[in-house]
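S.K.: Predicted model follows, preceded by the sequence.
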Amino acid sequence: MKRLLEQAGLECVRLEPAVGAGTGMYRIAVEFFAALPARLLPALYLPAKALASVAFFPLVWLNGILARGTQSDRIPGGYFAIGVKKQIP
């Protein structure tokens, strides 16, 4: 991604994962456990999502632990990059 910024004539100021691995797992689990009962009765989607979001919130706390792992760059949320125009003297 840094190379893409440089090819566009930008200086890479910041490049890091958009969300941690725990947050990615949390989002996937909440959607899965909300969609499952909604398949039987669509009105259950929001109540199931609310319940799942509270039940799975502790997964977010794993971000700090999982960020130190060797595979921490393999996350479902992708990366964000901030680039600025290079200053020409």
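M.R.: Arrived safely, thanks for sending. Numbering: from 1, shown residues only.

S.K.: the helices in the chain, which residues?
M.R.: 2-7, 21-40, 45-55, 63-66 (DSSP state H).

S.K.: now the last one: mean pLDDT?
M.R.: I take that to be helix 63-66. For helix 63-66, mean pLDDT is 83.

S.K.: repeat for the third one
M.R.: Summarised as a single mean, pLDDT over helix 45-55 is 97.

S.K.: can I have it written out in CSV, keeping just the CAs?
M.R.: Output in CSV follows, covering the C-alpha atoms of helix 45-55 (Å, rounded to 0.1, in the frame of the first residue of the first chain):
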residue,chain,number,x,y,z
TYR,A,45,-32.6,-9.6,13.5
LEU,A,46,-32.3,-6.4,15.6
PRO,A,47,-33.0,-8.1,19.0
ALA,A,48,-30.6,-10.9,18.2
LYS,A,49,-27.9,-8.4,17.0
ALA,A,50,-28.3,-6.4,20.2
LEU,A,51,-27.9,-9.5,22.3
ALA,A,52,-25.0,-10.8,20.3
SER,A,53,-23.2,-7.4,20.4
VAL,A,54,-23.3,-7.4,24.2
ALA,A,55,-22.4,-11.1,24.5
